[in-house]
Structure formats: structure tokens, C-alpha cells
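Asker: I'd like to go over a predicted model; first the sequence, then the structure.
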Amino acid sequence: QVQLVESGGGLVQAGGSLRLSCAASGRTFNNDAMGWFRQAPGKEREFVGAIWWSTGIPLYTNSVKGRFTIFRDNAKNTVYLQMNSLKPEDTAVYYCATAPSMASLSSGSWGQGTQVTVSS
């Protein structure tokens, strides 16, 4: 059974940084994708970015390009979301998810989420 555990959320001032972690367990993920999503209060869930476990190639939604970086440590089965230059509009619960393809992340295995709050 796949288990994903996010950590690293918290309260930060605008312009600050946070690094989120997503530790995965339960099987091997060599050929899977790992994605980050977020959901702010009263808003729909939003795709933030994703990475292939095998290649480490990431992709991002436009609103976070140049500010957020996704990378992974295969030995630790952990994917990270480095968030810099944070803005109040980045405030949300952040989730990680894994699936065999990026297109199927929404229906894959999900973590419990971690709260990120950016104060102005």
C-alpha cells in the first residue's frame, strides 16, 4: 500500500522560503510521476508541478515558474518542493500525489497535506 507523508509546511512572511517534503513508501516508484497540488480555502485544487522519479525532469504551472523547484532523492524515496519568493496567494494546503503518469496524478495515491501560510 502506497503511503505519502508531507512535511515542512508552516507560516512564513511574504518573500520567504519553505521546503516541503513528500516521503513515499509501499512500493518502488522508479517509473512513476510525483506531483504537487495545492488547495486554498474556497478554491479548487490546483496543480503546482510534477517530476518523474526516473529522469528527475520537472514541470511547473506558470504561476510558480522561477520561484518553485521540484527535485527528488531516489535513495530516500522523497520528493521536495522548494518554494522561494513566497506570496500571500501561495497560501494553501499542499498535497503530493503519485501515479504511473502525470495525467493520472489526480486519481493516484495522495498524502494528507501540509498547510502553508504566507503572511503579507
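Answerer: Now that the structure is in, tell me what you want to look at. Numbers count the residues shown, from 1 in each chain.

Asker: now do the same end-to-end measure for stretch 13-22.
Answerer: 23 Å (Cα to Cα, to the nearest Å).

Asker: tell me which residues of that stretch are tucked away?
Answerer: Under the neighbour-count criterion of 16 or more other Cβ atoms under 10 Å, stretch 13-22 has 18, 20-22 buried. In short, each C-beta sits where N, CA and C put it, glycine included.

Asker: one more: stretch 110-120?
Answerer: In stretch 110-120, counting by 16+ other Cβ under 10 Å, buried: 110-111, 113-114, 116, 118.

Asker: next step: those restricted to helices.
Answerer: Secondary structure from DSSP state H places none of the buried residues of stretch 110-120 in helices.

Asker: distance to residue 86, secondary structure and pLDDT added to the buried residues of stretch 13-22, as CSV?
Answerer: Below are the buried residues of stretch 13-22 laid out as CSV (distance: Cβ to Cβ, whole Å; DSSP: H, G, I helix; E, B strand; the rest coil; pLDDT from 0 to 100):
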residue, distance to residue 86, secondary structure, pLDDT
18, 7, strand, 98
20, 12, strand, 98
21, 17, strand, 98
22, 18, strand, 97
